[in-house]
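**Student:** how does the following fold in three dimensions:
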Amino acid sequence: MNLLIESQYFPPVTLFKKSIEFSNIKFDVYEPWRKMSFRNRCVVAGSNGIINLSIPILEGREQKKLLREVAIDNRKPWQSQHWKTITSCYKRSPWFDFFEPELDRLYRQPVELLSEWNRTCFEWVVGKLGLAIHADNLQYVSGGKTDPGMVDWRNKLTPKSIQTDFPNPVRYHQVFEDRIGFIPHLSVLDLLFCEGKNARRILLSGE
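**Tutor:** All right, here's what the predicted structure looks like:
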């Protein structure tokens, strides 16, 4: 069985909880671009609450291109800004020092297409979690029909609906939980920085 999803930027923990049920992940890069999604948005937490990290894209949010054609606007220093924010949020987390060198290099890596960046991020997380998941892009299918063996999770996770559609999030200890309470459905980066090698066990158990 394959899980079919849209390309996302360091997706929410919920997506990885679902992903572990499958050995193959297919990204639909032939779908039309959609705004207000996790395609170019990563959600982390600082001392005052949620922080949205958004990747700027060329031609703006209203464009009609296929996702595979959506280009990142690298005229803006988004990589250094995002990494600075992530460092500020998680430098005191238990596992930040462990992941910092690789992520620092990742955020210095040149990239032009949003889908390529998102796939690189996804595969990096899969490697850190030690999951036996193969990820690749869905090949174009005329008429939009997909293999009946696929579980279609495209557009199930959106910033607007994730809180209500998934009321039982994966729980774990967060950096600022004592101050601002537990925040559900953050980026998987939050789980990795907080739980490190325990993250896989938490996803598998749902604890």
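**Student:** who are the packing partners of the helix or strand of the chain with the lowest mean pLDDT?
**Tutor:** Every helix and strand in the chain was compared by mean pLDDT, DSSP states H and E; the lowest is strand 134-137, with a mean of 88. Packing contacts for strand 134-137, counted by 3 or more Cβ pairs under 8 Å, 6 or more residues apart in numbering; DSSP states H and E, involve strand 24-28, helix 114-129. The way it works is simple: take the backbone N, C-alpha and C, and place the C-beta from them, glycine included.
**Student:** is Gly46 in a bridge, and if so with what?
**Tutor:** Counting by DSSP bridges, Gly46 forms beta bridges with Gly49.
**Student:** neighbours of it, how many?
**Tutor:** By other Cβ atoms under 10 Å, 15 other residues sit near Gly46.
**Student:** the one 5 residues further on too?
**Tutor:** Using other Cβ under 10 Å, Ile51 has 18 other residues around it.
**Student:** now swap in the one 10 residues further on and tell me
**Tutor:** Number of residues near Arg61 (other Cβ under 10 Å) recorded here: 12.
**Student:** so it sits against Lys35, correct?
**Tutor:** Yes - at 4.1 Å, Arg61 and Lys35 qualify as touching, with contact defined as Cβ atoms under 8 Å.
**Student:** out of the helices and strands packed on strand 134-137, which comes closest to Leu106?
**Tutor:** Closest approach to Leu106 among the helices and strands packed on strand 134-137 is made by helix 114-129 (6.4 Å; Cβ to Cβ).
**Student:** who's in contact with that closest one?
**Tutor:** 7-11, 16, 25, 27, 29, 39-40, 55, 57, 67-68, 70-72, 99, 102, 106, 109, 111, 133, 135, 137, 188-189, 192, 199-200, 203 (Cβ atoms under 8 Å, 6 or more residues apart in numbering).
**Student:** per-residue pLDDT of Glu59, please?
**Tutor:** You'll see Glu59 listed with a pLDDT of 89.
**Student:** what of the one 3 residues further on?
**Tutor:** Predicted confidence (pLDDT) for Glu62: 87.
**Student:** three-state assignment of it?
**Tutor:** Using DSSP: H, G, I helix; E, B strand; the rest coil, the structure places Glu62 in coil.
**Student:** skipping its backbone neighbours, what lies nearest it in space?
**Tutor:** Lys35 (7.2 Å; Cβ to Cβ, 6 or more residues apart in numbering).
**Student:** where's that neighbour, which helix or strand?
**Tutor:** Taking DSSP states H and E as the definition, one finds Lys35 inside no helix or strand.
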